[in-house]
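*Asks:* no sequence on this one, just coordinates:
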């Protein structure tokens, strides 16, 4: 009998997980889910959204899942001890460890476990959904714009606001200024080009920001974030001043890709 093993936190469960389970099940006679602990989720994400017992009950009720097991965590955050446990449960069976599209033999510590067949890109490489995305959209206010998306991460009255700006490749914001707030930008992923002016909109300069570069926009100064690159750019924006509101803006033109 071929025992297919899938491991993960699956917190919360979503359609991408279901497609992954079904694809894994097609490679064998029995599907065993090695479910990570709440402590594993806390170490990876800061906290668990759904407790272990709740996740286990939900997954056990899928008709294509035959068994759900717990296992001991290790220092690598891996499923090594889960695979060893399943080997002891099924000593005479063929065991297959099915990995999703974001894993390969170069980046998983489980490769050191002997007597296991490894499969990769199970369920395809297209990540249709993500537990992290779902929780982020649930936790924070999100707004889509022509240039991408922003999340409101923190607000303290009208005087302080923290956002995550996600600027799509080939897009950019308007050339703008604010009358009641300053801004600080920190690039957390990717890179961007900032157009700016210390006086008039006609007298523009630019600077390229790489990952972990920061830029300060004083109140009343013209500025524009653009992303002429192929990779999405993520920035953390800290607004502070008399009023951090969307209405405090003057625009002169919109971004036009070169």
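*Replies:* The structure has been received and is ready for your questions. No experiment lies behind these values; they were computed from the predicted model shown.
*Asks:* what ranges do the strands span in the stretch 101-250 of the chain?
*Replies:* For the stretch 101-250 of the chain, the strands defined by DSSP state E, counting those that start in this stretch cover 117-119, 141-145, 148-156, 160-167, 171-172, 175-177, 181-189, 192-197, 205-209, 214-217, 222-227, 233-241, 250-253.
*Asks:* Just give the strands next to the third one in its sheet, each with its orientation.
*Replies:* For strand 148-156, sheet partners with direction are given as strand 141-145 (antiparallel), strand 160-167 (antiparallel), following DSSP bridges.
*Asks:* What's the separation between the closest residue to residue 66 other than its chain neighbours and residue 250?
*Replies:* In space, and not counting its chain neighbours, residue 66 is closest to residue 30: 4.6 Å by CB to CB, 6 or more residues apart in numbering. (Each C-beta comes from the backbone N, C-alpha and C, glycine too.) To residue 250, residue 30 is 64 Å away according to CB to CB, to the nearest Å.
*Asks:* swap in residue 171?
*Replies:* 21 Å.
*Asks:* Could you check which of those two has the larger neighbour count?
*Replies:* Neighbour totals were compared for residue 171 and residue 250, and residue 171 leads with 18 against 13 (other CB atoms under 10 Å).
*Asks:* residue contacts, that one?
*Replies:* Neighbour list for residue 171: 146-148, 226-227, 255, 257 [criterion: CB atoms under 8 Å, 6 or more residues apart in numbering].
*Asks:* can you do 6 Å?
*Replies:* 147-148, 227 (CB atoms under 6 Å, 6 or more residues apart in numbering).
*Asks:* again with residue 219
*Replies:* 182, 241.
*Asks:* hmm, back to that, the residue nearest to residue 66 and residue 65 touch, don't they?
*Replies:* No - if you go by CB atoms under 6 Å, residue 30 and residue 65 don't touch, sitting 9.6 Å apart.
*Asks:* How many residues are close by the residue nearest to residue 66?
*Replies:* Neighbour count of residue 30, defined by other CB under 10 Å: 15.
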